[in-house]
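Chemist: no sequence on hand, only this structure:
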C-alpha cells in the first residue's frame, strides 16, 4: 500500500499499519482452523429435516466457486444462487452453470428490476462518491438474507477470505449495508424515494443476525486459500474459465475498480488486492510493484466523460447510519460474552 490511502502509517521499520493488520488477521484464521469440525456439526444440526443446510452465492469468480467446491466436498447441502444485475461477463455465467451442473446442486437465479437498479447506480454516479458499488453489494446482501429466511437456512457460505482480501482502506469507500446512506443519495440525486429493490435496513439486519441467528462461514479461511491454485483446480475439474483479476467477473465492478476509482479519485484498488496477496505469500513485493506500474485496463461503458464531470464528493456528505450499526454490534458482543 501507499499514501493514496489517507489512513496509512508506517512503523520504524517501514512496515505499514495495513500489513500489520493483515498479518494479525492471517494469524487469527490459522489459530481458528481447528474450529471447522465443530462448525460443520452445528451446520448439520441446524439443517436437520430441511432440504438445504447452507446458502452459497455465486458470481462466477474464483472465490465463490471455490467456496462451493469445498462446501460440497465436506458433505454440505447448499442452495446456490446468483443475482442478475445485468453486468455479468458471459464466461462468469458459464462458470456458474459448470459448477452447478458438475456438482449437481440446486440453483436459483434471482432477477431484480434492472431499470430501477440502474437508476440507483446512476444516482450514486451523479453523487460523485467513491464507492458506486454500494448498490450492487447492498442488493446482494439483502437477497442473501431474504433467501436464507425464506428457506429456513441458518448458514451462509461466503467466498470472502483473508488471504486475498485482508487489506482495503476505509477511506476508499464506505460500508454497503447502510440503507440510510443509500436512500439519502437516491432521494437527493433522483428526487424521489427508493422503492422496487430488495434492501436490508438496520432493523431487518439485526432481525436476521440476532433473532433468526443466521450466521456466515468464511470457508476458504479454513483451507489455507490460494487463489492461483484454486483457479487451476477449478479449470481442471469443471472447465472453469478465467475472468481476469479479482472481481472482474462483472463488467461494472471491473469498470468501477479500473476506471472510476483510478481516474476520478486516484485510488488503485489493485494495490490493496496485491498487498493482500503479498502478505499471504501468494505474490512477491516485486511482482506486485511491477503489475501496479501498468495502467489498469477497463471495459468501456460509454459514460466515462459524463461521469468525470460530476463533482467529487465524500460519503460523509450524505446521511449515514454506520455509527448505530457499530454501537449495536458492540452491545451484542458484550451481551453474548
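Modeler: Yes, it's here. Worth saying up front: this structure is predicted, and the values here are computed from it rather than measured. Numbering: from 1, shown residues only.
Chemist: first-to-last residue distance for stretch 251-263?
Modeler: Separation of the first and last residues of stretch 251-263 by Cα to Cα, to the nearest Å is 17 Å.
Chemist: got the buried residues for that stretch?
Modeler: Judged by neighbour count using 16 or more other Cβ atoms under 10 Å, the buried positions of stretch 251-263 are 251-262. C-betas here are computed from N, CA, C, even on glycine.
Chemist: what's next to it, contact-wise?
Modeler: Residues outside stretch 251-263 that contact it (Cβ atoms under 8 Å, 6 or more residues apart in numbering) are 85, 87-89, 121, 130, 132-133, 136, 172, 244, 247-248, 267-270, 295-299, 301, 304, 307-308.
Chemist: where do the strands sit along the stretch 201-337 of the chain?
Modeler: 215-218 (DSSP state E, counting those that start in this stretch).
Chemist: contacting residues around the lowest-mean-pLDDT helix or strand in the chain?
Modeler: The helix or strand of the chain with the poorest confidence is helix 322-336; it has a mean of 74 (mean pLDDT, DSSP states H and E). For helix 322-336, contacts defined as Cβ under 8 Å, 6+ apart pick out 174-175, 177-178, 181, 202, 205-206, 209-210.
Chemist: what are the buried residues along it?
Modeler: So helix 322-336, judged by 16+ other Cβ under 10 Å, has buried residues residue 325.
Chemist: where's that helix relative to the chain centroid, distance-wise?
Modeler: 22 Å (Cα atoms, centre = their mean, to the nearest Å).
Chemist: please enumerate the helices of the stretch 101-250 of the chain.
Modeler: 114-127, 134-150, 162-165, 179-190, 202-206, 227-238 (DSSP state H, counting those that start in this stretch).
Chemist: just to revisit the earlier point, show me which of the contacts of helix 322-336 is closest to residue 60.
Modeler: residue 177 (23.2 Å; Cβ to Cβ).
Chemist: in its sheet, which strands sit next to the biggest strand by length in the chain, and in what direction?
Modeler: Looking across the chain with DSSP state E, the single longest strand is strand 78-84. Strand 78-84 sits in its sheet next to strand 54-57 (parallel), strand 107-111 (parallel), going by DSSP bridges.
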